[in-house]
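Engineer: Got a sequence here, can you build the structure:
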Amino acid sequence: MSALAKAMQRVALPAARPGRSPAGAAWRRLLASPVARAGLGIVSAFVLIGVLTPALHHYEARTDADLTLRLKPPTGAHPFGTDTLGRDILVRVLHGTRVSLGLGVSSVAVAAVVGSLLGLLAGYAGRRADLVLMFCMDILLAFPATLLAIAIVAMIGPGLRNSLFAISLVSIPVYARISRSIVLALREREFVTAAWALGMSDWRLLRRHILPNCLPPLIVQTTLAIAFAILEAAALGFLGLGAQPPTPEWGAMLADSYKYFTSGAWWVFFFPGAAIMLSVLGFNLLGDGLRDALDPRLRL
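Structural biologist: Numbering: from 1, shown residues only. Take a look at the predicted model:
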């Protein structure tokens, strides 16, 4: 082997190490941030609660009532106290994690897929498709997201499925605008022009070059949007438009307890509200950490 080949081999070896991949570097930057670690810990805790609680504890909401235990303060037997029907608030908060978190994640997943595809189509297909699609997105953005979600559920009826549809619909324009703006910027880059010149098909160009460059900001937006979706689900549940009784859902639990705000039964509304606050805080912190970790300017 010649001296030139040996030198090239020595230069190429560090780039082949898995630890030096962009994903690995982003993961190390994420774990190096105290804010991101805090958010990741909170989110992981809620995910574990939502997954393990139904498997470890069977709960029948329709038959859960004991009026002899009505509005009991926190004790050893009931660490979070009981509500107006004598139901254990800890049990309902834990089981409500699956409902509230599942609704938030599912609605954001639908919005992310649909909105990103619409944005890719608008940015890549041409002026006419861009004009039509973005005009529709502007119409949705003209209404406040919460009020639009409330109006949609009020028209089609309350329930978890309709809440998922409403929250997904009001979240689509954000993803469409983000992916469209990235595609419009990437279309002018040299590597896209070179791929076109080499005869690469539109589908392969989108899949191999454009879509991977759209993922970092979309991932960050997804994390932040889950926090928004949890708040939207809680708002719909509070208004009686989301999960219907006796389903344990944090917003619906607040709706059943706010009237006891001045009567001294603070535990009835404090713990569901704390669950909403902590989950939203966790996703916001994780989103902030991901935004810094996925910033291309920090890649060495």
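Engineer: Could you use CA atoms for every contact and neighbour count after this?
Structural biologist: OK.
Engineer: got any ranges where the stretch 1-150 of the chain has weak pLDDT?
Structural biologist: For the stretch 1-150 of the chain, the stretches with pLDDT under 70 are 1-20.
Engineer: Show me what counts as buried in stretch 266-284.
Structural biologist: Of all the residues in stretch 266-284, those buried under the rule 16 or more other C-alpha atoms under 10 Å are 266-269, 271-273, 275-276, 278-284.
Engineer: thought residue 156 was touching residue 162?
Structural biologist: Yes - with contacts counted by C-alpha atoms under 8 Å, residue 156 reaches residue 162, the gap being 7.0 Å.
Engineer: So the two - more neighbours on which side?
Structural biologist: Taking other C-alpha atoms under 10 Å, residue 156 and residue 162 do not tie; residue 162 has more neighbours (20 against 11).
Engineer: For the stretch 101-250 of the chain, just list every one of the strands.
Structural biologist: In the stretch 101-250 of the chain, no segments count as strands under DSSP state E, counting those that start in this stretch.
Engineer: can you pull out the helices in it?
Structural biologist: 127-141, 145-156, 160-186, 190-197, 202-205, 211-238, 250-257 (DSSP state H, counting those that start in this stretch).
Engineer: could I get those helices as TSV with distance to residue 93?
Structural biologist: Converted to TSV, the helices of the stretch 101-250 of the chain look like this (distance: least, C-alpha to C-alpha, whole Å):
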stretch	distance to residue 93
helix 127-141	33
helix 145-156	24
helix 160-186	17
helix 190-197	50
helix 202-205	46
helix 211-238	13
helix 250-257	7
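Engineer: So which of these is nearest residue 46?
Structural biologist: Across the helices of the stretch 101-250 of the chain, residue 46 has its closest neighbour in helix 211-238 (12.4 Å, C-alpha to C-alpha).
Engineer: Residue nearest the middle of the chain, spatially speaking?
Structural biologist: The centroid of the chain falls nearest to residue 226 when counting by C-alpha atoms, centre = their mean (2.3 Å).
Engineer: Spell out which residues sit in contact with residue 150, please.
Structural biologist: Contact analysis of residue 150 by C-alpha atoms under 8 Å, 6 or more residues apart in numbering lists 166, 236, 241.
Engineer: What is the nearest of the residues you listed to residue 134?
Structural biologist: residue 166 (19.2 Å).
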